[in-house]
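Asks: here you go, sequence then predicted model.
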Amino acid sequence: MTPTLLYLTCLLGAVGLYLLVRPTDGMAPAAWRGMRTLGLVLGLGAFAWLATGIADAVAPADGGGGPGAFTVIFGLVAVVSAVRMISTGKPVYAALHFVLVILASAGMFLMLEAEFMAFALIIVYAGAILITYIFVLMLSQQSPDPDDPEGQSEYDRTPREPAAGALVAFLLLALLTRTVSDGVAQATPRLDATEARIEAWQELEGMPGRLERWVERLDDASLAAPLLARGEDGRPMVEPSADGLTATVLVHPAPGETPIAVEMPADLRPENVQRVGLGLIVKFPASLEIAGVILLMAMFGAVLLARRQIELTEDEKRQAAGLEPLGEYEPRPDARDRRPNGGEATA
Amino acid sequence: MIGTASDLFAATGSPFLAATIDPMPSSELAGYLVVSGVLFALGLCGFLLRRNMIVMFLCTELMFQAAALAFIAFGRFHQDVSGQVFVIFILTIAAAEAALALGLVVLLYRWQDTLSAEAWTELHE
């Protein structure tokens, strides 16, 4: 895909986006619907052309067939609902369309073999964060505007600068897709399949408890009282085979005996969740702590921001403290004379 | 025998939770990155377009989402779990941001009785 074609496709998408988001005040319903349909067709066509064009341009380099069917479906759902989210004038619909974007993203995460993140995304985003958004939307519901049949407020109905917004989106998208189409063809994976399997096996050395439980349950006549052997650094000794499909670990047949290599079953190789957990603890311990601090501070901040200020009068404070109310305050007739300037107001 | 979720998926012939680690073709990576880029551009466009403060914050969440997708796609391509670990941090920041931003929005709404961002163009009292 040549750069000119790429930019033209992005521009086409931006035009479609502009048609979808521009204000529709004072238009006939038929013209309005036609414009929306045209915008949708233009935008979707541009997106599909962009995705397939770039994938095709990259494909000869690796012989891959491009994105699979599920990827295409989830990607389309995500993009269409994102467009609906920014083009609808109703905040609640925007939030619900964002839930759809989240679900489609979770589907794509599943296709990318990030199962834990897919479900965490649904639970945290769709389940917690979006509920908070919808809560706040309901808390701050506007009284319906009598002039508008759909009860939307003016600032929801008319977007700000649709042409400029579409232009900025076009510039950013052109930059990003140009980078992708130029860069991805040269990208080489850090590891090939064999190296990745070997690395996964070697991560077992960081999970001695998992290995110990497996060793305890070993049912082998030659191993009377199996005990996991530890290296000098206290870690188990895992030895993956050359193709990474199997691996052995050193086990004492009985305490004190010379360790022997025992082959491990394939399902002992760490799966996605275990590897993410290990990575979180081993590679990024400081970031994990900082994330906890950020969450705590955000909680404090939110509580401080959202509390309602209650102004107590002097009598109410005294009542809360269990004292008699002071009653109506009446200045004594001689009170003025005690002030330094004799009670006169100074300018 | 079906014991774990991965056995279940394997028994139903689903592509999910595959037992083997296959390399991902870079054309597939390009597809995910284009989706991620489009989502990010849409999020930015929405942030500039919408005038409702809550919807503007939703659009920032959309941008977070696009970044998370790119992280996961690159992590899968390079067979590195760091991408997924970073998405956990993105989720954390998004949750913190949602809590603070929505607290702020509720406060501002009580003050001026509108959600329009333009009501706050002048910040002095």
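Replies: Perfect, thanks for sending it. Because the structure is a prediction, the values reported are computed rather than measured. Numbers count the residues shown, from 1 in each chain, chains lettered A, B, ... in the order given.
Asks: what about the helices in chain B?
Replies: Here chain B has its helices, by DSSP state H, at B:5-11, B:26-49, B:53-77, B:82-112.
Asks: the closest residue to residue B:79 other than its chain neighbours: which element?
Replies: Closest residue in space to residue B:79, ignoring its immediate chain neighbours: residue A:196 at 3.9 Å, by CB to CB, 6 or more residues apart in numbering or on different chains. C-beta coordinates here come from the backbone N, C-alpha and C atoms, glycine included. Assignment of secondary structure by DSSP states H and E places residue A:196 within helix A:193-202.
Asks: and residue A:278, by the same measure?
Replies: helix A:272-282.
Asks: quick one: list the elements packing against the helix holding residue A:196.
Replies: strand A:238-240 (3 or more CB pairs under 8 Å, 6 or more residues apart in numbering or on different chains; DSSP states H and E).
Asks: which neighbours in the sheet does the strand it packs on have, and how are they oriented?
Replies: Sheet pairing for strand A:238-240, assigned by DSSP bridges, gives strand A:247-252 (antiparallel).
Asks: ok, residue A:133 touching residue B:58?
Replies: Yes: between residue A:133 and residue B:58 a contact is recorded at 6.4 Å, counting by CB atoms under 8 Å.
Asks: which neighbours do the two share?
Replies: Counting by CB atoms under 8 Å, 6 or more residues apart in numbering or on different chains, the contacts common to residue A:133 and residue B:58 are A:95, A:98.
Asks: can you pull the contacts of residue A:167?
Replies: For residue A:167, the contacting residues are residue A:14, by CB under 8 Å, 6+ apart.
Asks: and the helix or strand where it lies with helix B:53-77, angle?
Replies: In this assignment (DSSP H and E), residue A:167 forms part of helix A:162-183. If you take axes from the mean of the first three to the mean of the last three CA atoms, to 10 degrees, helix A:162-183 sits at 10 degrees to helix B:53-77.
Asks: list the buried residues in helix A:162-183.
Replies: Buried positions in helix A:162-183, judged by neighbour count with 16 or more other CB atoms under 10 Å in any protein chain shown: A:162, A:165-170, A:172-174, A:176-178, A:180-181.
Asks: centre of the chain to it, how far?
Replies: Centroid separation for helix A:162-183 versus its chain: 22 Å, with CA atoms, centre = their mean, to the nearest Å.
Asks: residue A:292 and residue A:280, how far apart?
Replies: Remark: distance between residue A:292 and residue A:280 (CB to CB, to the nearest Å) = 12 Å.
Asks: how big is the angle separating the helix holding residue A:278 from helix A:193-202?
Replies: Using the same axes, to 10 degrees, helix A:272-282 lies at 70 degrees relative to helix A:193-202.
Asks: so after helix A:272-282, what's the next helix or strand?
Replies: That would be, after helix A:272-282 and using DSSP H and E, helix A:285-306.
Asks: need the pLDDT of the closest residue to residue A:288 other than its chain neighbours.
Replies: Closest residue to residue A:288 apart from its sequence neighbours, by CB to CB, 6+ apart: residue A:280 at 6.0 Å. Among the per-residue scores, residue A:280 holds a pLDDT of 92.
Asks: strands of chain A, start to end?
Replies: A:227-228, A:238-240, A:247-252, A:260-263 (DSSP state E).
Asks: list the neighbouring strands of the last one plus their orientation.
Replies: In the sheet containing strand A:260-263, its partner strands are strand A:247-252 (antiparallel), by DSSP bridges.
Asks: residue in chain B nearest to chain A?
Replies: Using CB to the nearest CB, the closest approach of chain B to chain A is made by residue B:25 at 2.4 Å.
Asks: when residue A:292 and residue A:280 are compared, which one has more neighbours?
Replies: Set side by side, residue A:292 and residue A:280 show more neighbours around residue A:280, with 19 against 11, by other CB atoms under 10 Å in any protein chain shown.
Asks: let me have the strands of chain A in JSON lines, extended by mean pLDDT and mean neighbour count.
Replies: Formatted as JSON lines, the strands of chain A follow (pLDDT from 0 to 100; neighbours: other CB atoms under 10 Å in any protein chain shown):
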{"stretch": "strand A:227-228", "mean pLDDT": "84", "mean neighbour count": "19"}
{"stretch": "strand A:238-240", "mean pLDDT": "87", "mean neighbour count": "19"}
{"stretch": "strand A:247-252", "mean pLDDT": "86", "mean neighbour count": "20"}
{"stretch": "strand A:260-263", "mean pLDDT": "85", "mean neighbour count": "15"}
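Asks: would you list those in CSV and tack on distance to residue A:55?
Replies: Below are the strands of chain A laid out as CSV (distance: least, CB to CB, whole Å):
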stretch, distance to residue A:55
strand A:227-228, 47
strand A:238-240, 33
strand A:247-252, 35
strand A:260-263, 41
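Asks: what's the closest of those to residue A:318?
Replies: Closest approach to residue A:318 among those (CB to CB): strand A:227-228, 70.1 Å.
Asks: in terms of secondary structure, what does the closest one contact?
Replies: Partner elements for strand A:227-228 (3+ CB pairs under 8 Å, 6+ apart): helix A:208-216, strand A:247-252.
Asks: isn't residue B:38 up against residue A:48?
Replies: No: using CB under 8 Å, residue B:38 makes no contact with residue A:48, being 10.8 Å away.
Asks: neighbour count winner among the two?
Replies: residue B:38 (28 against 16).
Asks: ok, and the closest non-adjacent residue to residue A:223?
Replies: Excluding the flanking residues, the one nearest residue A:223 by CB to CB, 6+ apart is residue A:253, at 4.8 Å.
Asks: next, the contact list for residue 86, please.
Replies: I'll assume chain A. So residue A:86 contacts A:21, A:94, B:42-43, B:45-46, B:49-50, B:55, B:59, B:62 (CB under 8 Å, 6+ apart).
Asks: nope, chain B
Replies: Taking CB under 8 Å, 6+ apart as the test, what residue B:86 contacts is B:71, B:75.
Asks: ditto for the one 10 residues further on
Replies: Listed by CB under 8 Å, 6+ apart, the contact set of residue B:96 reads A:294-295, A:297-298.
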